[in-house]
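*Asks:* here you go, sequence then predicted model.
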Amino acid sequence: MRDISYRVALGGIVSALCLVTMFLAGVIPALYLLLPGIAGILLMIIAVEVNTPWAFLTYIAVSMLSIIITFDKEAALIFIMFFGHYPILRFYIQKIPLRVARLIVKFLLFNICIIAYFYVTVYIFGLDEMLEEFDDFGRYGSYIMLGIANFIFLIYDLDLDLMYRGYLKRILPIFRKKR
């Protein structure tokens, strides 16, 4: 267990980097899904370096600040509802021994979060344009979009695994040498 000053400093640095990426989502609207995903990957550093409860505290801090500070509230909402907590929860999900059960839990969590995100966006924030976009795809448009989202989630999950392994093998040894 690291001392408290190290945890606070690392949490502050990662929080600042997460907020910068969330802020950039408002500046570059085309990246409103990619940048919250990158911010979520940054939270994995806290989970690896300190522990997962500290990573959840950092996630809560970034979530509250991103709602207040960032321009793109939709990007902040997708960070809060999925990209912020999933990389941390993934550490617990990876402990499930059966690979099939692990995959089912991951997809179940993703679909619950994404469907909740959709309903919050449409019915609480009143962005009815999303419903009109689904009408263009016809009767099964929402199912097609959910299928595409699940495929992209699979790629994101593989990317998280690659980032985690790369951090452990390449970046972490460099930090360990300097201390």
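*Replies:* Yep, it's here. Owing to the predicted nature of the structure, the values given are computational and were not obtained by experimental measurement.
*Asks:* all contacts plus neighbour counts: C-alpha atoms, from now on.
*Replies:* Fine.
*Asks:* what segments of the protein are helices?
*Replies:* Here the chain has its helices, by DSSP state H, at 4-27, 34-49, 52-69, 73-78, 86-93, 99-119, 129-136, 141-166, 172-178.
*Asks:* name the helix or strand of this protein that has the lowest mean pLDDT.
*Replies:* helix 129-136 (a mean of 66; mean pLDDT, DSSP states H and E).
*Asks:* flag the shaky bits of the chain, pLDDT-wise.
*Replies:* By pLDDT under 70, the low-scoring segments of the chain are 1-2, 127-139, 178-179.
*Asks:* at 90 instead, please
*Replies:* The chain contains residues with pLDDT under 90 at 1-7, 10, 25-33, 45, 49-50, 70-75, 118-146, 168, 170-179.
*Asks:* next one: the most centrally placed residue in the chain from residue 167, what distance?
*Replies:* Central residue of the chain (CA atoms, centre = their mean): residue 83, 1.5 Å from the mean position. For residue 83, the distance to residue 167 equals 19 Å [CA to CA, to the nearest Å].
*Asks:* try residue 75
*Replies:* 25 Å.
*Asks:* neighbour-wise, which of those two wins?
*Replies:* Between residue 75 and residue 167, counted using other CA atoms under 10 Å, residue 75 has the larger neighbour count: 26 against 16.
*Asks:* so what's the residue nearest to the centre of the chain up against?
*Replies:* 36, 37, 39, 40 (CA atoms under 8 Å, 6 or more residues apart in numbering).
*Asks:* give me the number of residues near the last one?
*Replies:* Residue 40: 24 surrounding residues under other CA under 10 Å.
*Asks:* just checking, it touches residue 87?
*Replies:* Yes: the criterion here is CA atoms under 8 Å, and residue 40 meets it with residue 87 at 6.1 Å.
*Asks:* can you report how many residues neighbour residue 6?
*Replies:* 12.
*Asks:* now do residue 98
*Replies:* Residue 98 has 9 nearby residues by other CA under 10 Å.
*Asks:* distance of it from residue 87?
*Replies:* In terms of CA to CA, residue 98 sits 19 Å off from residue 87.
*Asks:* same question, residue 11
*Replies:* Distance from residue 11 to residue 87, by CA to CA: 16 Å.
*Asks:* what does residue 126 give?
*Replies:* Distance, residue 126 to residue 87, using CA to CA: 28 Å.
*Asks:* and the two? Which one has more around it.
*Replies:* A direct count of neighbours by other CA under 10 Å for residue 126 and residue 87 places residue 87 higher, at 26 against 11.
*Asks:* contacts only, for that one.
*Replies:* Per CA under 8 Å, 6+ apart, neighbours of residue 87: 40, 41, 43, 44, 160.
*Asks:* now swap in residue 52 and tell me
*Replies:* Counted by CA under 8 Å, 6+ apart, residue 52 has contacts 46, 88.
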